[in-house]
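Chemist: compute the structure for the input listed below.
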Amino acid sequence: MQIRKVLLVEDEEDIRKVAQISLQFRGGWEVSLAANGEECLVQALSDLPDLILLDCMMPKMDGYEACRRLKQDPVLRHIPVIFLTAKAQETEVRKGLSLGAIGYLTKPFNPMSLAAEIQQILTNQEKAG
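Modeler: Residues are numbered from 1 along each chain as shown. From the prediction side, this is the model:
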């Protein structure tokens with residue numbers, strides 16, 4: 001899958017900045033930003049990104065609810081979602097995947113390898129699908 005535009009949804013500004021820089025310079029991707037699930041839905045409709053990188057724990061609307069709504073929307077449901085979160089318990093991973101996410105990355109992440117890890121998830125998804 002060829003990625004050009006990524007929507008990064010993260011409420012913590014420091015993490016958002018590090019991830020944005022990593023995705024832009026390591027992945028070569030255009031990155032748009034949202035700070036919560038509500039902003040995610042609006043930004044996704046506006047930008048129609050190729051991929052959404054989504055935090056779980058955020059104010060206003062958490063990532064799980066945002067993912068559920070993305071996957072119910074006929075315009076947005078095709079966009080792959082990867083969770084990027086500190087919640088690494090198996091039940092949390094299963095919950096995210098059951099809502100339609102294709103992958104799950106944990107924080108803290110390595111900014112030097114974040115884009116490569118995302119690309120690997122996408123490659124594995126293509127091989128499986």
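
Chemist: backbone torsions only: list them for the residue nearest to the spatial centre of the chain.
Modeler: Centroid-nearest residue in the chain, with C-alpha atoms, centre = their mean: Leu53, separated by 1.2 Å. With angles defined as degrees, to the nearest 10, Leu53 sits at phi -100, psi 120.

Chemist: likewise Gly37?
Modeler: Backbone torsions of Gly37, given as degrees, to the nearest 10, read phi -60, psi -40.

Chemist: and it, what does it touch?
Modeler: Going by C-beta atoms under 8 Å, 6 or more residues apart in numbering, Gly37 touches Val9, Met58, Lys60, Met61, Asp62, Gly63, Glu65, Ala66, Arg69. Where C-beta positions appear, they are placed from N, C-alpha and C, glycine not excepted.

Chemist: please identify which pair of the residues you listed lies farthest apart.
Modeler: Across the contacts of Gly37, the longest distance by C-beta to C-beta is 13.4 Å; it joins Met58 and Arg69.

Chemist: for those two, indicate the residue with more neighbours.
Modeler: In this view Met58 and Arg69 are compared by other C-beta atoms under 10 Å, and Met58 has more residues nearby, 24 against 18.

Chemist: so which strand or helix has the more buried one?
Modeler: Using DSSP states H and E, Met58 sits in no helix or strand.

Chemist: pretty sure it contacts Glu39?
Modeler: No. Using C-beta atoms under 8 Å as the test, Met58 is too far from Glu39 to be in contact (9.1 Å).

Chemist: can you give me the strands for this structure?
Modeler: Secondary structure of the chain by DSSP state E: the strands cover 5-9, 30-34, 51-54, 81-85, 103-106.

Chemist: name the residues that touch the fourth one?
Modeler: Right, strand 81-85. Counting by C-beta under 8 Å, 6+ apart, 10, 19, 51-57, 63, 67, 70-71, 92, 96, 100-107, 109, 118, 121 sit against strand 81-85.
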